[in-house]
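Trainee: Structure of the sequence below:
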Amino acid sequence: MVAYPTNQMQKTVFGLRLLTPGIVVLVFGLIATITHAQDAVYKYRDGGRTSKVSGKISDVTPNGVTIGGAEIAAFEIKKVIYGKEPTEVERARSQMESGRFADAIEELGKIPNRLPKPIQEEVDFIKAFSNSQISLRGGNVTPKVAASEVKSFIEAHPTSFHLFPMIDQFAKLAFAAGIPNVAETEFKKLKSATWPEFKLKGLFNAGQMQIELGKLAEAKASFEAIQAIESNDDLTQTYKLLSDCELARLVGLQGDAVAAQKALEKIIKDENPDNKKLFAHLYNALGSVHEKADRKKEAARAYLHTELLFASESEAHAEAVYRLAKIWPLLEETDRANRARETIKTRYRNSYWATKL
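Mentor: Residues are numbered from 1 along each chain as shown. Next up, the predicted model:
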């Protein structure tokens, strides 16, 4: 390499007096190398914005990432980019974040097999998470295959800051595969998370699994644990309302349909119907209370609210359609029953409800 004085270089690059094409390529190659030499953590900020922290990542745990001597909590992290990672990794990560899961997996296929451990962990995460989402959204990856890949990630990378999201994925896939007892066990692991979102999800989803397994006392304890959390942020308040709904359902399942119906209808009256997640759960809970009391028409009417008004809430919607598929024949609504069964077999073919048909 030919050495040039500093002022000569400044004239050449910043003054646009290009000596030779080779020198220009070399200079900008050096700039690019310097730019990507550092690791970076992108943190969430208020208003959906992010901020970037650059430096050397020295430690990674399920609870956070330490960069430049400062630990950033896992729930604050949007993404981590390692300084020497191939550009295909960031491209695949962006595709995954935008819901282009098949594209993300295809992009990862362009990367050489041998990678440093932290970068390999990111590649394994993107691939396993993308396959999980393809499966849970009714794609061409079965829950069993996706669960196996997610489980392999958890076993290979137990200190990853992606650990809690991946336990959540594994639990959902276990439920989708028709194994609610395994799903319950996995969701319960999230209770120890310092990540508020996954702690709440773990308690709530464990409670739902316990209802499905007939473990009503344990379900009640899970939902009451959510009520006991002192935080008043929006996420916690959402899960407190959802747990109110499920606690009312439990009252009905234990035999007091009148009290359960009264409690659920009060929430329906008091809360904003724009909260689609809550209202889908409310009407499903009301339907199950009516079912328990052998009020088939009332149950069908409640489930129809979820089917017709809250189709965007896929988990609750799938349950409502399944329940209707079972109720319609009892009401001599054969065509409706067939349509409901077909929806489960196609749109929700990878769901727990498909395994029960």
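
Trainee: Contacts only, for Lys78.
Mentor: Going by Cβ atoms under 8 Å, 6 or more residues apart in numbering, Lys78 touches 42-44, 50. From N, CA and C alone the C-beta is placed, and that goes for glycine too.

Trainee: Ignore what I typed, I meant Glu307.
Mentor: For Glu307, the contact set (Cβ under 8 Å, 6+ apart) comprises 317, 320-321, 324.

Trainee: ok, and the most crowded of those?
Mentor: Ala320 (27 neighbours; other Cβ atoms under 10 Å).

Trainee: Let me see the contact set for that residue.
Mentor: By Cβ under 8 Å, 6+ apart, the neighbours of Ala320 are 280, 283-284, 287, 303-304, 306-307.

Trainee: which SS class is it?
Mentor: helix (DSSP: H, G, I helix; E, B strand; the rest coil).

Trainee: Could you check stretch 66-86 and say which residues are buried?
Mentor: Burial within stretch 66-86, assessed by neighbour count using 16 or more other Cβ atoms under 10 Å, is assigned to 66-67, 72, 74-77, 80-83, 85-86.

Trainee: same thing with stretch 47-60?
Mentor: For stretch 47-60, by 16+ other Cβ under 10 Å, it's 53, 57, 60.

Trainee: Paired strands for the strand or helix carrying the last one, with orientation please.
Mentor: Per DSSP states H and E: Val60 is located in strand 57-61. As defined by DSSP bridges, the strand partners of strand 57-61 come to strand 64-67 (antiparallel).

Trainee: What lies in contact with the partner strand?
Mentor: By Cβ under 8 Å, 6+ apart, the residues outside strand 64-67 that reach it are 39-41, 53-60, 71-74, 76-77, 80, 161.

Trainee: and if we set it to 10 Å?
Mentor: Surrounding strand 64-67, the residues in contact under the criterion Cβ atoms under 10 Å, 6 or more residues apart in numbering are 38-41, 43, 53-60, 70-77, 80, 160-161, 194-195.

Trainee: now stretch 193-201
Mentor: Against stretch 193-201 from outside (Cβ under 10 Å, 6+ apart): 61-64, 73-76, 161, 163-165, 167-168, 171-172, 187, 189-192, 202, 205, 225-226, 229, 231, 233, 235-236, 238-240, 242-243.

Trainee: In the stretch 151-300 of the chain, where is pLDDT below threshold?
Mentor: Judged against pLDDT under 70, the stretch 151-300 of the chain has no low-scoring part.

Trainee: hang on, the earlier thing: for the contacts of Glu307, which one is nearest Val258?
Mentor: Nearest to Val258 out of the contacts of Glu307 is Ala320 (Cβ to Cβ; 22.7 Å).

Trainee: Might one say that Glu122 is in contact with Ile81?
Mentor: Yes. Counting by Cβ atoms under 10 Å, Glu122 does reach Ile81; the two are 8.6 Å apart.
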